[in-house]
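A.B. asks: structure of the sequence below:
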Amino acid sequence: MSDPVLDRLCIDAIRFLSVDAVEKAKSGHPGAPMGAAPMAYVLWDRFLRHNPAETAWPDRDRFVLSAGHASMLLYSLLHLTGYQLSLDEIKRFRQIGSRTPGHPEYGEIPGVEVTTGPLGQGFANGVGMAIAERMLAQRFNRPGHTIVDHRTFAIVSDGDLMEGVAAEAASLAGHLKLGKLIYLYDDNKVSIEGGTTLAFTEDVAARFRSYGWRVLGPLDGMDTAQVDAALREATSSEDRPTLIVCRTTIGYGAPTKAGLNVAHGEPLGAEEAKGAKKALGWEHPEFTVPPQAAAHMRLALQRGAAAMQDWNQRFHAYRAAFPAEAAQLRQAVHGELPPGWDVGLDSLFPPDKPLATREAGSQALNRIAAKVPALAGGSADLAPSTKTLIKDGGDISAGAFGGRNFHFGVREHAMGSICNGLARHGGVIPYAATFLIFSDYMRPPMRLAAMMRQRVIYVFTHDSIGVGEDGPTHQPVEQLMGLRSVPNMVVIRPADATETVEAWKLAVARRDGPTALVLSRQNLPVLDRSIYPTASSVKHGAYILWEASPDPDLIIIATGSEVSIALDAAKQLQAQGVAARVVSMPSWELFDAQPADYRERVLPSRIRARVSIEAGAKVGWERYIGLDGGAIGLSTFGTSAPAKDVYEHLGITASHLVQQAQAVLHRLQRAKVS
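C.D. replies: Just a heads-up that it's a prediction; the model follows:
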């Protein structure tokens with residue numbers, strides 16, 4: 001039976017560690033931790049199954065603070081329950097090099113499951129985590145051996161629920177009946193500009209019921225008994241996800257700011273903080289944790305150790321009964337690939353028949369999926385066009401999570417965020433597919449995947465003006481450069497079917513960040529690899545595909561569907577007495593990571609005559625062609641016509657490339673003479 005006095009002491013310890021840290025930093029969001037502390041305490045003290053001493057325990061419950069602006073709430077909980085987050089780090093909140101940044105960041109702080117802050121992302125990440133749990137449970141659990149069995153909890157805010165990504169993810173979660181997904185809604189009715197009634201008067205409970213969620217409340221989120229009862233009800237049934245609506249008071253205890261927007265995104269101020277402590281009877285110096293509160297909260301270490309020991313014993317029994325499955329489970333959760341997974345992928349495509357790289361990607365995906373059971377994914381209702389179905393892989397649906405094909409619906413934003421949750425959970429290597437133009441709808445989760453260094457694969461087809469008749473709304477121009485600008489994102493635009501296989505191999509093997517595969521709708525020539533260098537050179541990002549001479553006059557750099565155009569132009573130039581080198585550059589990022597001597601061999605600094613060709617924005621190509629070079633690309637949107645006509649109309653042709661090359665050579669010759 002709980003002790004109300006001790007509970008209050010622990011809750012206030014959470015509150016005032018948060019207040020003190022924000023005050024010391026002179027920056028932060030104190031109000032949400034002050035109001036949400038009671039429900040967070042009940043969850044962490046009585047329901048969350050975790051082990052602060054072993055943060056990577058596979059069967060732990062997951063907790064997501066989707067309201068990432070309330071980061072000090074999470075940091076206080078982590079410190080108090082025994083994670084490796086010291087009081088000194090709490091005192092260094094929002095400072096250079098601290099482990100307590102302004103918003104929770106995965107990889108920086110033990111116990112932080114995902115990077116949150118952009119609202120709605122954590123909400124959708126949690127949906128992905130809950131799906132991953134169900135997938136692994138169906139794949140590995142056996143009668144009498146339940147080895148995967150945990151829940152996903154989150155605290156979400158008004159701001160999270162206003163964001164469209166949360167609506168997309170909630171709709172899919174309800175459709176899939178994710179019964180182990182439980183969210184506490186911090187309904188404090190305050191946003192930065194004022195009361196939520198300024199812009200948010202919908203019936204949230206009715207909305208979530210329409211999605212297929214169980215909705216509990218509204219209840220008094222400041223009352224631990226009510227929160228406890230709601231969580232017990234939520235965990236007693238697994239037929240659908242649960243939203244617990246908790247009415248709270250932002251800045252609870254602050255004399256003049258409680259319940260107001262001024263408690264949201266700025267420090268209380270010394271006098272207001274002092275007044276809050278007085279109002280709540282907190283008579284301790286700054287950054288003090290009373291011994292009774294510390295002792296009680298650190299019981300999480302004992303509970304966690306006991307729960308993990310029990311799981312380890314069950315896993316040993318499981319391994320004895322099902323050794324192959326146990327080995328596969330360990331391999332999956334550690335992100336390892338089966339031995340020989342990439343054997344037999346070379347020489348899939350003969351050079352006698354042109355093939356769209358999306359079709360080649362489909363064949364590569366299916367060959368790899370046959371040997372990598374963890375690989376699973378889907379598209380935003382475009383699988384027949386993106387060619388990303390795993391044949392005979394089965395569909396993921398409510399109550400049937402043994403399949404490998406997701407149907408995300410027309411929900412690109414949620415698809416990206418859910419894939420982040422799948423990757424962060426572990427055990428699944430997710431891919432998400434759509435047209436390149438619609439990557440704009442999922443930029444926020446792609447950025448966060450790169451920030452968290454997650455193994456997520458994006459398959460973007462219909463990569464250029466080659467989309468043709470669909471016109472400028474569907475013809476990507478600036479998207480490639482946008483993706484390349486994201487730190488730690490590897491973008492690969494293969495020239496032909498064989499390069500596509502290599503691109504897929506690189507994407508599956510890469511473990512420290514996301515990879516975007518950018519593939520064509522239109523058929524492209526399959527290069528004869530008995531003539532041209534092996535496509536395994538894709539791993540270098542760029543390589544010499546063809547040259548008229550080892551000491552060329554000019555270098556042509558091309559990607560994707562324009563590589564075959566570059567080859568045609570180079571041979572025309574050869575007939576005119578110009579020795580050209582063609583460099584296939586499927587990935588800027590991979591090329592930039594190569595040793596300097598390799599980069600110099602491919603793009604010798606002495607050869608200033610260079611031309612790039614790519615059916616996208618030209619900006620950025622100057623890093624490879626220099627100030628003397630020329631870039632063939634797009635500075636306008638496309639147009640609606642057959643692909644061949646669009647290429648001709650916009651000047652993405654071999655004849656235009658030859659003209660540009662001659663102009664560059666002429667300009668350099670004139671400069672040399674003068």
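
A.B. asks: okay, now the unreliable bits of this structure?
C.D. replies: For the chain, the stretches with pLDDT under 70 are 1.

A.B. asks: need the contact list for the residue nearest to Asp20 when sequence neighbours are not counted.
C.D. replies: Distance criterion CB to CB, 6 or more residues apart in numbering; nearest residue to Asp20, sequence neighbours excluded, is Glu286 at 4.6 Å. C-beta here means a position set from N, CA and C on the backbone, and glycine is covered the same way. By CB atoms under 8 Å, 6 or more residues apart in numbering, Glu286 lies in contact with Asp20, Glu23, Lys24.

A.B. asks: got a list of what His79 touches?
C.D. replies: So His79 contacts Leu17, Leu85, Ser86, Leu87, Glu89, Ile90 (CB under 8 Å, 6+ apart).

A.B. asks: re the thing from before, got a winner among the contacts of Glu286 for most neighbours?
C.D. replies: Highest neighbour count within those, by other CB atoms under 10 Å: Asp20, with 23 neighbours.

A.B. asks: pretty sure that residue contacts Val289?
C.D. replies: No - between Asp20 and Val289 there is no contact under CB atoms under 8 Å: 10.7 Å.

A.B. asks: which of the contacts of His79 lies closest to Leu73?
C.D. replies: Among the contacts of His79, Leu17 lies closest to Leu73 (CB to CB), at 9.3 Å.

A.B. asks: among the contacts of Glu286, which ones are in helices?
C.D. replies: Among the contacts of Glu286, the residues falling in helices (DSSP state H) are Asp20, Glu23, Lys24.

A.B. asks: nearest to Lys274, of those residues?
C.D. replies: Nearest to Lys274 among these is Glu23, at 9.8 Å by CB to CB.

A.B. asks: quick one: the closest one from Ile192, how far?
C.D. replies: In this structure, Glu23 and Ile192 are 19 Å apart, going by CB to CB, to the nearest Å.

A.B. asks: and what of Gln669?
C.D. replies: Shown here: Gln669 relative to Ile192, a distance of 61 Å by CB to CB.

A.B. asks: and the strands in the stretch 51-200 of the chain?
C.D. replies: Assigned by DSSP state E, counting those that start in this stretch, the strands in the stretch 51-200 of the chain fall at 62-65, 152-157, 181-187, 190-191, 194-195.

A.B. asks: any chance of those strands in a markdown table, with mean neighbour count and distance to Met135 too?
C.D. replies: Below are those laid out as a markdown table (neighbours: other CB atoms under 10 Å; distance: least, CB to CB, whole Å):
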| stretch | mean neighbour count | distance to Met135 |
| --- | --- | --- |
| strand 62-65 | 26 | 14 |
| strand 152-157 | 27 | 13 |
| strand 181-187 | 27 | 14 |
| strand 190-191 | 22 | 36 |
| strand 194-195 | 14 | 41 |
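
A.B. asks: can you redo these as CSV with distance to Gly275?
C.D. replies: Below are the strands of the stretch 51-200 of the chain laid out as CSV (distance: least, CB to CB, whole Å):
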stretch, distance to Gly275
strand 62-65, 27
strand 152-157, 25
strand 181-187, 23
strand 190-191, 19
strand 194-195, 22
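
A.B. asks: quick check: domain ranges of the protein?
C.D. replies: Domain assignment for the chain, taken from automatic domain parsing, gives 4-305, 355-524, 539-673.

A.B. asks: quick one: distance of the first one to the chain centre.
C.D. replies: Meaning domain 4-305. 21 Å (CA atoms, centre = their mean, to the nearest Å).

A.B. asks: measure that domain end to end?
C.D. replies: Distance between the two ends of domain 4-305: 26 Å, counting by CA to CA, to the nearest Å.

A.B. asks: which residues touch the nearest residue in space to Asp228 that is not next to it in sequence?
C.D. replies: With CB to CB, 6+ apart as the measure, Val42 is the residue that lies nearest to Asp228, at 5.3 Å, once sequence neighbours are left out. The contact partners of Val42, taken as CB under 8 Å, 6+ apart, are Thr224, Val227, Asp228, Leu231.

A.B. asks: mind checking what helix or strand follows the one helix or strand the third one maps to in sequence?
C.D. replies: Here Asp228 sits within helix 224-235, counting by DSSP states H and E. On the C-terminal side of helix 224-235, the closest following helix or strand by DSSP H and E is strand 242-247.

A.B. asks: now what about that next one, what contacts it?
C.D. replies: 36, 39, 181-189, 204-205, 208, 213-222, 227, 230-231, 234.

A.B. asks: any idea where the helices of the stretch 51-200 of the chain begin and end?
C.D. replies: For the stretch 51-200 of the chain, applying DSSP state H, counting those that start in this stretch gives helices covering 71-81, 87-91, 121-140, 158-162, 164-176.

A.B. asks: got it, and the stretch 301-450 of the chain?
C.D. replies: 323-333, 357-369, 383-386, 412-425, 443-452.

A.B. asks: near Ile625, how many other residues are there?
C.D. replies: Neighbour tally, Ile625, other CB under 10 Å: 21.

A.B. asks: gap between it and Ala609?
C.D. replies: Applying CB to CB, the value for Ile625 to Ala609 is 9 Å.

A.B. asks: re the thing from before, among the strands of the stretch 51-200 of the chain, which comes closest to Thr653?
C.D. replies: So among these, strand 62-65 is nearest, using CB to CB, at 50.5 Å.

A.B. asks: parallel or antiparallel, list what pairs with the closest one.
C.D. replies: strand 152-157 (parallel) (DSSP bridges).

A.B. asks: contacts for the partner strand, please.
C.D. replies: Strand 152-157 is contacted by residues 32, 36, 39-40, 43, 47-48, 61-67, 69-70, 73, 119, 122-123, 126, 129-130, 133, 166, 180-186, 188 when judged by CB under 8 Å, 6+ apart.

A.B. asks: next: stretch 192-209.
C.D. replies: For stretch 192-209, contacts defined as CB under 8 Å, 6+ apart pick out 158, 161-162, 167, 170, 174, 185, 187, 189-191, 215, 217-218, 243, 245, 261, 264-265.

A.B. asks: again, only using 6 Å
C.D. replies: Here stretch 192-209 makes contact (CB atoms under 6 Å, 6 or more residues apart in numbering) with Asp158, Met162, Lys189, Val215, Leu243, Val245, Asn261, His264, Gly265.

A.B. asks: strands of the stretch 251-400 of the chain, start to end?
C.D. replies: Under DSSP E, counting those that start in this stretch, the stretch 251-400 of the chain gives strands at 355-356, 375-379.

A.B. asks: show me what the longest one is packed against.
C.D. replies: Applying 3 or more CB pairs under 6 Å, 6 or more residues apart in numbering; DSSP states H and E, one finds that strand 375-379 makes contact with strand 405-407, strand 429-435.
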